[in-house]
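# based on what follows, work out the 3D shape:
(chains A and B)
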Amino acid sequence: MKSPHRFFALLSKLVTYVVLIGFATIMLFPFIFMFSTSFKTQRDTFRYPPRLLPREQLTATVPGYPEPLPLYYVTVEGQLQEYALVESNIRMGVYTDPDHPDVTYTLPLDEIQPTGGVENQRIVLYNNTQELLWDVPVDGHVVPMVLINQTAFGRFADPASPCDSVLQNVRLSEPVEKLTIHPGNYAEVTELQGLDRSLTNTVLVTILVMVGQLATSIVGGYALARLQFPGREQLFIIYLGTIMIPFVVLVTPLYQFMVLIGWVDKLVSLILPWIFTAYGTFLMRQFFITIPKEIEEAALLDGASHLQILTKIFIPASVPALATLATFTFLYAWNSFFWPLVVINTGNRANHVLTLSLSILRGRAADNVNLVMAGAAIAILPPMIVYILAQRFFVESATSSGLKG
Amino acid sequence: MKASIQLEAADRRTVILLRAAVIWHIVLAIAGLAGGLLVWLRAGDMLLWLRLPLGALLVLTAAASSLTALFVQRGRHSGRVLSLAVNYLGFLFCFLGGMHVLGMFTGIDSLASTFGRGIPYLGGVLAGYLISALGDRYENHPERRQMLKRVGKVVMLAFMATFLLAIGTLSGLLAVVRRFTSFLPCLLVGGGLLFGLMIWALWRRDSAVALGASTAHEQMLNGFLFLSPNLLGFLLFFAGPLLLSLYFSFTNYDATTHVSDWVGLQNYARLFNLTIAPLTTPDQPVTEALDMTVYDELMRFNFFERSFILGAQDKLFWIALRNTIVFCLLAVPLSVIPALFLANLLNSKLPGMKFFRAIYFLPSVAAVVGVALIWQWLYNAAVGYINYSITSAVTTINTLFGSAILDPQIRWLSDTRIALLAVVIMSAWQWIGFDTVLFMAGMQAIPRELYEAATVDGAGRWAQFRRITIPLLGPTTFFVVTTAVINALQLFEQVYVLINTEPPGGPANSTLSLVLYLYVRGFQRFQQGYASAVAWVLFIVIFGVTLLQYRRQRSGAYA
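Predicted structure coming up:
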C-alpha cells in the first residue's frame, strides 16, 4: 500500500525540482549570456547559431606572408587538414556538361578557355537559351561545358608547405577554433566610454548617499521613536503619507532648484537630494520603538545625553535594521538612472555615473556587443557581489519594503 | 512674576547674554522685514515661485524674531525655544551657504577625479581593520590581542592619512581657503559665528534655568534637533518641490525662455481634451471630420453600424496612457502569478530552496539599464537567443510531427505590435524574484498547523494551495499587486534603454509611456509646466491605487 504513495511523493519532488531548475535557468541565462559575450571577440558575437562559450579562430604564419593567416578545416584526399586561408575572392565558375546537367564542376574563371577560341566561340542550346561553350578539363580530358553560375572561393594552403593548396568556399568552410576569453574587452570599453571615471563617480555617490541617509535616518528615527515634542505624531503621519509619492512628480521643480543653485551637471546633485528620505526615517523609527525602554531610562538617570544613548545603545542594537536600510539605499543609489539622466548633461563625460554611461554606450558601440556586455557587467557585478555576501539583508530590505504601503 | 524673579536670581553674565539676545533679535527682525520688503518691491524680474517663498521666509524670520525678543524679555521659555530655532536655522543657512559659496559641494566633482588614485589605500585601511579584528580571536592572550589591535589601528590611520593625501584633500582645502578673500564667504562665516554665539548663549544651562526650562522642554529641543536634518532636507528636497510641482502644473512654465504665467487648468484641459465626430464613411479623411487646428486623430470605431472618429488635442498623452495601462495589465500578472507559484514551491521544506530563492532574486539586484542592454541582444532578430530558441523549437516540432509551422522571425524591438510586449517580458523577468520573496514572507506567516490538519484530512498539495494558501495570503497578494502596479505605472528606464529610439518611445510611439512622455515634454522640449501637469495626472492615478490599498488595510485585510 505504501509504495505508490512514496512513488507520487518522489514524483512531485522531481517535478518541483524540474520547475525550479527551469526557472533558475531563465533567471540566470541573461547574466550568463552577458558574461560569456563580454569575453568574446566581436566576430564571434555575430555568429549564427549563437554559441555561449567564447571562441576564437586560430591563425598560423605561412612562409611568404607577413601576417598570421586564419586556419580552416579542409578535406584533402579524404583527410581533414588545418589549412590557412592565403587568398580570398578567387572568382570561380560553375560549369556543367549540357549532356549531363546533374554534374557540376567548379573551377577558376581565368583558367578556362572558350571552346573554339575567343573569336568564334561555339554555342549550344541549353535550357532553351543559347549558351557559350567553354573547355573544361576533367580527369585529363577537355569537355565543352556551359557556365551556369559564378561564385568566389578562397585558396587554402598547408602552413607547412604553402605549395599544397586547395580552393574552397570560405563561407562554408569551418574555421579552426579554440575556446578563449578576451578580458581585453573590459579595458577597451573602459577606455572607450571612460567607465573608470563613471565607476568612481558611482562608488563615491553611492557611499555618500548611504552614509548621509543612514545618518539622517538614525537621528530622525530616534526623534520620532523616543523624544516627545509637539507635532510628533502629525509629522510621523505626514512622513508615512509621502512614502508612496512617485519621484516623477518632484522631478521638474527639483531640476529647477538645481539650476537655481548651480548644481546642474554636478555630482552633488546626485547626492544631497537623496539623503533625506521619509522611508529611511520610517524604517529606523519602526525598529527603534521595538527596543526596550528600560536600558535607556537607566542611562538617562546616569546623566547620559540623548546623543550618547543613540550611539552607545541604539545603533549597536540595530545593526540588522541599519544593514537592511544600507542595502536598500545602496541598490537605489547604484542603479538610479532617471535623475542622473535629467540632471547630468550628456556632454560632460567626467560626471557620468555608470548607468548613464551605459545608456550612451548603447548607442555608441551598437555593433560591439562584446563591449556593451563588458560595460553592463561592470555595472551589474558590484551589486551582485554585495548581494552574494549579504544576501540576508537584501531579502530583508525587499520584505521591509512591505512596510512602504 | 515668577519669571522675572528667576531673571533676578540669575548671575550677571546670563543677564547680559539674554539682553544681547533680545537686541540681536530686534536687529534680526528689522533686517528680515527690510529684506522681505526689498524682495517684494525690487525683485520684480524674479520668478514668482522664487520671490514668494523667499519673501515669506524673510518676513517669517522677522515675525519670529520680534516674538522671540518679546518672550525673552518677559523671561518666558518659549522665547528660548523660538530663539534657538531662529538662530539654528540662521546658523545652518550661513554654514551651508558658506560651504556652497566656497565650492565645497561642487568640489565633489574634483574629489571624484582624484578619488580613483586613493582606492588602493582604502584597501590598506581595510587590511588594518582586519588586523585589529583578528585581535579579537586571541581572547586568551591579552597581550597579543592588545598588540594586534594597536598595530591594526596604526595601519588604519597611516593608510587613511595616505588616502586623504592621495585624493588631494590638502590642495582642495587650500583652494577653499583662497576663496576667503572675497566678500560673500566672509559675510556668511561672520553671520554663522554670530548665530552660533547666540545658540550658545541660549543653550547654556544658566540661561535655560533663568528662563525656567524643564526636562520636557529639553526633550522637546532635543527632539527638534534630532529630527531637524531630516525634516529640513525633507522640506527642501521633497515637500517644497512637491508643492512647486503642483504650482508649475498650473503655469505655462518654459525652462528655455523662463516664461512662467499662471494659466489655471489649461494644461489639464489640453491633456484631457477629447472629441467624437461622426463619419459618413469609415475611411473618410480626418481633415473633413475634425478641426485639425485643435485635434489629432486618435482612433476610429464603429458603434451601432455608424462610424465615429475620436480626436484628442494631445494625441501622444492618450497613446502614452494607453501604453502604460496595457503594460500594467500585462506585466503585473506576468510577474505576480509565476511568483506566487514559485513561492509556493520554494516554501516546501525541501533542501536547496534557499539557493533557488537567491537565484530568483538576482535580477532585482541588477540595474535596469544593464538588464536592458542584455535583453536588447537576446531580442536581436538575427542572432539573438530568443529568436534562435523559437526557430529551434519550431524546427523540432516540424520534424517530430511533420507539421509546417512557419518560423515567426519576430522583430522584437522594431515591430510596433511587439515592442511593448518585449518590454513587458523583460520587466516581468526582473520583477518575479522580488515578488517571490514577498510572497514567501507572507506564506511563512501562515500557521503550519493548518497544513498539517489539511494533510490529516487527506488534502493534496494543490488543494492546500487553493484552500489555505491563497485565501490566507490575501493581504500579501494585494500588497504585491499594488506595489507592482505602482511600479508598472512609472515605466521609463526599460523603454528608454531597451527600445532607445529618437524620439523615445518608438517604434511609432508604440512604447511611449507616461513618464517617458513627461521626460520628452519636460526635459527635451523643456515645457516644464506641461510636464508637471502630466506628472500630477500620474500621481493622482498612483494615489488612487495607494488609497485603495490603504482602505483595504483599514478594513482589516492586513490584520
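# now the residue in the stretch 201-350 of chain B that chain A sits nearest to: which helix or strand?
Closest residue of the stretch 201-350 of chain B to chain A, Cβ to the nearest Cβ: residue B:233 (2.7 Å). The C-beta positions use only the backbone N, C-alpha and C, and glycine is treated the same way. Secondary-structure element containing residue B:233, defined by DSSP states H and E: helix B:215-234.
# what helices and strands are in contact with that helix?
For helix B:215-234, the packing partners by 3 or more Cβ pairs under 8 Å, 6 or more residues apart in numbering or on different chains; DSSP states H and E come out as helix A:195-226, helix A:232-242, helix B:77-101.
# buried ones in it?
Using 16 or more other Cβ atoms under 10 Å in any protein chain shown as the burial criterion, the residues of helix B:215-234 that qualify are B:217, B:219-234.
# how about stretch A:383-392?
Buried-residue list, stretch A:383-392, by 16+ other Cβ under 10 Å: A:383, A:386-387, A:390-391.
# can you tell me which residues contact the residue of the stretch 201-350 of chain B closest to chain A?
Contacts of residue B:233 were listed using Cβ atoms under 8 Å, 6 or more residues apart in numbering or on different chains, and they are A:216, A:272, A:275-276.
# likewise residue A:339?
A:247, A:251, A:254, A:270, A:273.
# list the contacts of residue B:523.
So residue B:523 contacts A:255, A:342, B:531 (Cβ under 8 Å, 6+ apart).
# and residue 149, what element?
Reading this off chain A. strand A:141-157.
# wrong one, chain B
Mapping residue B:149 onto the secondary structure by DSSP H and E places it in helix B:142-166.
# just residue A:172 next, same as before
According to DSSP H and E, residue A:172 maps onto no helix or strand at all.
# over to it: give its phi and psi.
Reported as degrees, to the nearest 10, the phi and psi values for residue A:172 are phi -90, psi -10.
# residue B:526: what secondary structure?
Assigned state for residue B:526: coil (three-state reduction, DSSP: H, G, I helix; E, B strand; the rest coil).
# identify the bridge partners of residue B:302.
Beta bridges link residue B:302 to residue B:307 when assigned by DSSP bridges.
# before we move on, back to that, in helices, which of the contacts of residue B:233 appear?
Secondary-structure check on the contacts of residue B:233 using DSSP state H: residues within helices are residue A:216.
# most neighbours out of the contacts of residue B:233, which is it?
With neighbours set by other Cβ atoms under 10 Å in any protein chain shown, the maximum within the contacts of residue B:233 is found at residue A:216, which has 25 neighbours.
# near chain B at all, stretch A:239-258?
Yes: in terms of Cβ under 8 Å from any Cβ of the partner chain, part of stretch A:239-258 sits within range of chain B, namely A:239, A:242, A:244-246, A:248-257.
# so which of those sits lowest on pLDDT?
Across these, no position has a lower pLDDT than residue A:244, which has 78.
# so it, which state does it fall into?
Strictly by three-state DSSP, residue A:244 counts as coil.
# report all helices and strands that whichever strand or helix holds residue B:287 contacts.
Per DSSP H and E, residue B:287 falls inside helix B:286-289. Where contact means 3+ Cβ pairs under 8 Å, 6+ apart, helix B:286-289 is packed against strand B:274-279, strand B:306-312.
# got the buried residues for the first one?
Meaning strand B:274-279. Here strand B:274-279 shows B:277, B:279 as buried, counting by 16+ other Cβ under 10 Å.
# what's in contact with it?
Residues from elsewhere that reach strand B:274-279, judged by Cβ under 8 Å, 6+ apart: B:289-290, B:295, B:298, B:300, B:306-313, B:318.
# contacts (any at all) between chain A and the next helix or strand after the helix holding residue B:149?
Using DSSP H and E, the helix or strand that follows helix B:142-166 towards the C-terminus is helix B:169-178. No: taking Cβ under 8 Å from any Cβ as the criterion, helix B:169-178 and chain A are apart, separated by no less than 13.9 Å.
# dump helix B:169-178 to CSV, restricted to CA.
Taking C-alpha atoms only, helix B:169-178 is exported to CSV below (Å, rounded to 0.1, in the frame of the first residue of the first chain):
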residue,chain,number,x,y,z
THR,B,169,42.4,66.9,0.3
LEU,B,170,45.2,69.3,1.0
SER,B,171,45.1,71.1,-2.3
GLY,B,172,41.3,71.1,-2.1
LEU,B,173,41.4,72.8,1.4
LEU,B,174,43.9,75.3,0.1
ALA,B,175,41.6,76.2,-2.8
VAL,B,176,38.8,76.7,-0.3
VAL,B,177,41.0,78.9,1.9
ARG,B,178,41.9,81.0,-1.1
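# now the stretch 251-400 of chain A against chain B: closest residue?
residue A:276 (2.7 Å).
# that residue: what's it in contact with?
A:213, A:216, B:229-230, B:232-234, B:236-238.
# okay, it: pLDDT?
As summarised for this prediction, residue A:276 has a pLDDT of 91.
# quick one, phi psi at it?
Residue torsions, per degrees, to the nearest 10, at residue A:276 are phi -110, psi 90.
# for chain B, which spans come out with low pLDDT?
In the prediction, chain B carries residues with pLDDT under 70 at positions B:1-10, B:43-46, B:553-559.
# OK, contacts around the residue nearest to the spatial centre of chain B?
Closest to where the C-alpha atoms of chain B average out (Cα atoms, centre = their mean) is residue B:238, at 8.9 Å. Each residue near residue B:238 by Cβ under 8 Å, 6+ apart is listed here: A:242, A:245, A:250, A:276, A:278.
# what would the residues you listed look like in JSON lines with distance to residue B:427?
Putting the contacts of residue B:238 into JSON lines (distance: Cβ to Cβ, whole Å) gives the following:
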{"residue": "A:242", "distance to residue B:427": "26"}
{"residue": "A:245", "distance to residue B:427": "22"}
{"residue": "A:250", "distance to residue B:427": "23"}
{"residue": "A:276", "distance to residue B:427": "29"}
{"residue": "A:278", "distance to residue B:427": "26"}
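# what's the burial count for the residue nearest to residue A:274 when sequence neighbours are not counted?
Using Cβ to Cβ, 6 or more residues apart in numbering or on different chains and skipping residues adjacent in sequence, the residue nearest residue A:274 is residue A:209, 5.0 Å away. By other Cβ under 10 Å, 23 other residues sit near residue A:209.
# domain map for chain B?
Domain ranges of chain B: B:2-104+B:182-248, B:117-168, B:274-313, B:317-557, per automatic domain parsing.
# what about the helices in the stretch 401-550 of chain B?
Counting by DSSP state H, counting those that start in this stretch, the stretch 401-550 of chain B forms helices over residues B:419-444, B:448-456, B:461-464, B:470-472, B:474-489, B:493-498, B:514-519, B:528-552, given from the N-terminal end onward.
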